[in-house]
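A.B. asks: pasting the sequence and the predicted coordinates here, then a few questions.
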Amino acid sequence: MNTGLFIFDTKERELKEVCAKNGFEVQIYCCGPTVYRDAHVGNLRTFLLGDLITRTLVFSGIAANLIQNITDVGHMGEDFDGNEVGEDKMLAQSKAESVDPFDIARKYEASFHRDLANLNVTPAANYPRASETIPLMLELISNLIKSDHAYVGSDGCVYFAANSFEGYGDISGNRLDALKPGHRYEYVDDGAKRFHADWALWKAAENRTQMIWDSPWGPGFPGWHIECSAMSLHFLDGNVDLHLGGIDLRFPHHENERAQSNSAAGYEVVENWVHGEHLLFEGRKMSKSAGNVVLLTDVIAKGLDPLSLRLCFLENRYRSQMDLTWDSLKAANTTLERWRGKYQNWKDSGDLDQKFLADFAEGSIADIKNDLDTPRALQQLRKLEKDELISGATKAACFEVMDQIFGLELLKGQAPKAELTPELAQLLDDRRVARLEKDFAKSDLLRDQLATLGILVKDTPAGQEWNWN
RNA sequence: GGUCGGAUGGCCGAGAGGCGAGGCUCAGGACUGCAAAUCCUGCUACACGGGUUCAAAUCCCGUUCCGACCUCCA
């Protein structure tokens, strides 16, 4: 079943129409978070991609089935210099916080869901946890061993034989022979792997005591890549119409996943590999060492609507690197407030032009269906905002329709203001009276005083208005 | 070294060979007692060198510079 939605496929390097192979529902898999810390705004950009696609499909009357995994085991870490620490990220954080690793996982999983809710992301159909799908992985690994795509190394770990999969490198453009030198890493031949590019499907526990499971190859834990193969094959019935993830996952994660899935299934499992570009913050890549990691809670703490972040993301194409700044977030926040205010004024004014509404929606959806060109769709909205020939009711209706996809809560009225203290109320009233008496020296003084107390006053033809700063 | 992207005005960013996107900032104006908000006006750019074309930001060739990934990452 065709959808009319075209998205750039990393493997074919061209736009491809999204299709529901099973004829009734688009099957989507999105690589989820490793829950050893809070997701930063860069992570959230990728997660928004899944929401944007699902909303677009659902808007067009097409069902979507989105699965997003929760990695709570097996993701190995490194230190900031890029040296392998060789420790599971979950266990490292568990030590750092002196908390059980599973409690760490649940804690950050909860904050992941809280962030998604704040960004108005429609929840996925299922968020399977790696730690709860071990049997699926064991079965997959067994199959890969049976078909000679995997082998047990001398160290008791199970490895995938990279050379056994013919199309290795098609997504990233990397070739196995070109990878050999290991530009950044000295390849250490420990003898366990048969080939330097092979990777672990199952790691032997050795000294590890937490987060380990029994397996036909002894106690241990799964490699990171196998989890996505196992889950996507199982939860999406062996067919993935769209596979989403950050650009950095293109290699090696998705390359390895594809090798595993295709080798097990015997056919091309993923129809379309979609990658979201990275986000910079104030011109630099976000990293702990650079100290510029920004969380959604930081945005909220600055008094900005979390949906300001959503608007910033929508104003940039998912496939281009974008530089997020506090200025752009503030600008987005202002825009949101303006739109919400205007919507309230528009909705009951004038006649609704059904024809215009239908044309407008069709045009905007066409932009979005063209490789998710939300910047262009938003530009249409800005143009409409300024168009004096269109009635308020029609503008409001257009905003309503488009907000089903943008998810910016444009229909929301002003948030109720927090209660004034009697002192502040008195100051405001004093100023009102001073203005009535045309004692402007006094009213200006009171305005300054209120400003230092966190209240912004402005005068309109209807009188004095105030807002918390 | 390999692979993949970029280079557009003060800043950020769209651009479909030919009537200059848009946003932010800034400056001037309107409205205000003054501010604020709002509205109006202004600020004309495509890295460099060739080529194709009646016409190039857009297509082709070359050059320079920048970024991402290369067995960590969204």
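C.D. replies: Structure received.

A.B. asks: longest strand in chain A, please.
C.D. replies: strand A:2-9 (DSSP state E).

A.B. asks: what's near enough to touch the residue of the stretch 301-450 of chain A found nearest RNA strand B?
C.D. replies: Closest to RNA strand B within the stretch 301-450 of chain A is A:Phe440: 3.3 Å, counting by Cβ to the nearest atom of the strand. Just so you know, the C-beta spots here come from the backbone N, C-alpha and C atoms, and that holds for glycine as well. By Cβ atoms under 8 Å, 6 or more residues apart in numbering, the residues touching A:Phe440 are A:Ala434.

A.B. asks: how close does it sit to A:Glu14?
C.D. replies: Noted for A:Phe440: a distance of 66 Å to A:Glu14, by Cβ to Cβ, to the nearest Å.

A.B. asks: over to A:Pro306?
C.D. replies: 35 Å.

A.B. asks: okay, how far is it across stretch A:340-360, tip to tip?
C.D. replies: Stretch A:340-360 has an end-to-end distance of 19 Å (criterion: Cα to Cα, to the nearest Å).

A.B. asks: that stretch vs RNA strand B: in contact?
C.D. replies: No. Between stretch A:340-360 and RNA strand B, judged by Cβ under 7 Å from any atom of the strand, nothing touches; the nearest distance is 8.6 Å.

A.B. asks: residue in chain A nearest to RNA strand B?
C.D. replies: Closest contact between chain A and RNA strand B, by Cβ to the nearest atom of the strand, is at A:Gly246 (1.5 Å).

A.B. asks: just after the lengthiest helix in chain A, pick out the following helix or strand.
C.D. replies: Criterion DSSP state H: the longest helix present in chain A is helix A:326-346. Later in the chain than helix A:326-346, the nearest helix or strand by DSSP states H and E is helix A:354-369.

A.B. asks: just checking, what packs against the helix or strand that that following helix is followed by?
C.D. replies: Using DSSP H and E, the helix or strand that follows helix A:354-369 in sequence is helix A:374-386. Here helix A:374-386 touches helix A:306-314, helix A:354-369, helix A:392-406, going by 3 or more Cβ pairs under 8 Å, 6 or more residues apart in numbering; DSSP states H and E.

A.B. asks: measure how buried A:Gly4 is and give me the count.
C.D. replies: Neighbour count for A:Gly4, taken as other Cβ atoms under 10 Å: 14.

A.B. asks: for it, which non-adjacent residue is spatially closest?
C.D. replies: A:Lys369 (5.3 Å; Cβ to Cβ, 6 or more residues apart in numbering).

A.B. asks: can you check the pLDDT for the one you found?
C.D. replies: Looking at A:Lys369, its pLDDT stands at 90.

A.B. asks: what's near enough to touch it?
C.D. replies: Counting by Cβ under 8 Å, 6+ apart, A:Lys369 touches A:Gly4, A:Leu5, A:Phe6, A:Thr56, A:Ser60.

A.B. asks: which among those residues end up buried?
C.D. replies: A:Leu5, A:Phe6, A:Thr56 (16 or more other Cβ atoms under 10 Å).

A.B. asks: gap between stretch A:256-270 and the chain center?
C.D. replies: Offset of stretch A:256-270 from its chain centre (Cα atoms, centre = their mean, to the nearest Å): 25 Å.

A.B. asks: would that stretch count as contacting RNA strand B?
C.D. replies: No. Contact of stretch A:256-270 with RNA strand B (Cβ under 7 Å from any atom of the strand) is absent, the minimum separation being 7.8 Å.
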